[in-house]
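**Student:** A structural model of the following input is requested.
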Amino acid sequence: MSITKNLHDFKPESLMMSHGYKPSLSEGSIKCPIFQTSTFVFDKAEDGKAFFEVAYGLREPAEDESQGLIYSRLNNPDLEILEDRLTLWDQAEACAVFESGMSAISTVLMEFLQPGDLLLYSNPLYGGSTHFIQNFLPKYGIHVVGFRPGQTREEIEQILDETGHRDKLAMIYVETPANPTNDLIDIACCHGIAADHTSEDRKVVLAVDNTYLGPLWQHPLKLGADIVMYSATKYIGGHSDVIAGAVLGSAELITRVKTLRTFLGNMTGPMTGWLLMRSLETLKVRMERQAKNAAQVAQFLSTHPKVEKIYYLGMLTNPHQRAIFERQCESAGAMVSFDIKGGEAEAFRFLNGLKLAKLAVSLGSTESLAQHPATMTHAGMAPEEKEILRISPSLVRLSVGVEHIDDLIWDISQALEQA
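**Tutor:** Below you'll find the model as predicted:
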């Protein structure tokens, strides 16, 4: 993965400091300023006309014509430069940044689904995604049906048959690895299903939430996905100080997403855009340290007498899951979930006993975070569904940070003793 510039192949981590930004346009500032403005001045009325023609799709831009700055709900230098840099990791044609991960997800679902359509989605999902899919979309006549990790393509096809709406399949929505169990969904298999249901007048869009592995460790677009989505709050932001989302894909599809974003008004602001650009400069070194720490945390937990079972991509025992991991993942990541022996009471005693790791939802930040999915992020899920998907009262989820590994293991060890 590299970008050719001045006859040399620069890697994305090198380009995060400068790509898309011209210091000469900002008084020579080495870093992109925060363009904290609502509107932009036109040099002349003809420029305003030309900018709006392109922005509203009234004409195609001429060769070498860039999108003119109009209004920060439409475009802003901080957002445009951020979006350019984010495309480098996934080698995407275009990117749209949002004010939250959920605004990115909901905008994509609303743009590519209409009444009567069928959405096929993987389970489990982040709790907010599950709620939007199961409770909001059906209100507008959109049919939804889920499938579970480990189900074969034939079983998924049977699920589609049983809906009675197979011919209305419009989108496949996948989160892999799944939150909070680290279950893997085969992206290539989903691509095959989408391709088989695509016709000349109806394209089935495959969208993948890639938040759990971030832009470094998995690249769904290379595996056949049409759209990749992130809660940029997580690894991309990485410091627990911003809320944001991102959507990447072809220029054609992202243009549609950006058009709806314009009228929903849910793009992120310039300050958040600037903070995310700052975070991108250290994305690779942060994520590599987190993955290294997670591997050692997982190893410690795997031999601890108070741990019943561990869910970590580096310790997969299921042959099918292992095969998917080897095909589509470039790292085991930094998320480790485990079942503590006992139940909710023991899990709570562990969580309450932590000294260094923080008891909080979210993931992918520099600090280690721990939470109880069954009563927190996935509290809204039906009890029988939690049981099927192994989101039990004993399940604890860890997002491993960049702290010294000796301190992390000490903290986890002493908290387990209290459980």
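**Student:** the strands in the stretch 251-400 of the chain, which residues?
**Tutor:** Using DSSP state E, counting those that start in this stretch, the strands found in the stretch 251-400 of the chain span residues 307-311, 335-340, 358-359, 369-371, 395-399.
**Student:** quick one: average pLDDT of the first one?
**Tutor:** Read that as strand 307-311. Mean per-residue pLDDT for strand 307-311: 97.
**Student:** let's number from 35 now, not from 1
**Tutor:** Sounds good: first residue 35 from here, last item strand 341-345.
**Student:** Which residues belonging to it are considered buried?
**Tutor:** Val341, Ile344, Tyr345 (16 or more other Cβ atoms under 10 Å). Heads up, the C-betas are built off the backbone N, CA and C, glycines and all.
**Student:** can you tell me how far the first one sits from Gly272?
**Tutor:** By that I understand Val341. 28 Å (Cβ to Cβ, to the nearest Å).
**Student:** Residue ranges of each domain in the protein, please.
**Tutor:** 114-314, 317-452 (automatic domain parsing).
**Student:** most neighbours per residue, which of the ones you listed?
**Tutor:** domain 114-314 (a mean of 20; mean count of other Cβ atoms under 10 Å).
**Student:** mind checking the end-to-end distance for that one?
**Tutor:** With Cα to Cα, to the nearest Å as the measure, domain 114-314 spans 14 Å from end to end.
**Student:** what's the offset of that domain from the middle of its chain?
**Tutor:** What separates the centre of domain 114-314 from the centre of its chain is 8 Å, taken as Cα atoms, centre = their mean, to the nearest Å.
**Student:** which other residues reach stretch 101-111?
**Tutor:** 66, 69, 71-74, 76, 81-82, 84-86, 88-89, 95, 114, 296, 299, 301, 303-304, 307 (Cβ atoms under 8 Å, 6 or more residues apart in numbering).
**Student:** ugh, typo on my part, it should be stretch 224-231
**Tutor:** Stretch 224-231 is contacted by residues 154, 156, 187, 190-191, 200, 203, 206, 208, 238-240, 257-260 when judged by Cβ under 8 Å, 6+ apart.
**Student:** cool, stretch 47-60 as well?
**Tutor:** Residues outside stretch 47-60 that contact it (Cβ under 8 Å, 6+ apart) are 37, 39, 63-64, 66-67, 114-115, 118-119, 122, 311, 314-315, 317-319.
**Student:** Same check on stretch 61-71?
**Tutor:** Tyr55, Pro57, Ser60, Ser106, Asn110, Pro111, Asp112, Ile115, Pro304, Met305, Trp308, Met311.
**Student:** Please name the nearest non-neighbouring residue to the last one.
**Tutor:** Sequence neighbours aside, Leu116 is the residue nearest to Met311 in space, at 5.3 Å (criterion: Cβ to Cβ, 6 or more residues apart in numbering).
**Student:** Can you pull the poorly scored residue ranges out of the chain?
**Tutor:** 35-41 (pLDDT under 70).
**Student:** All good on my end, thank you.
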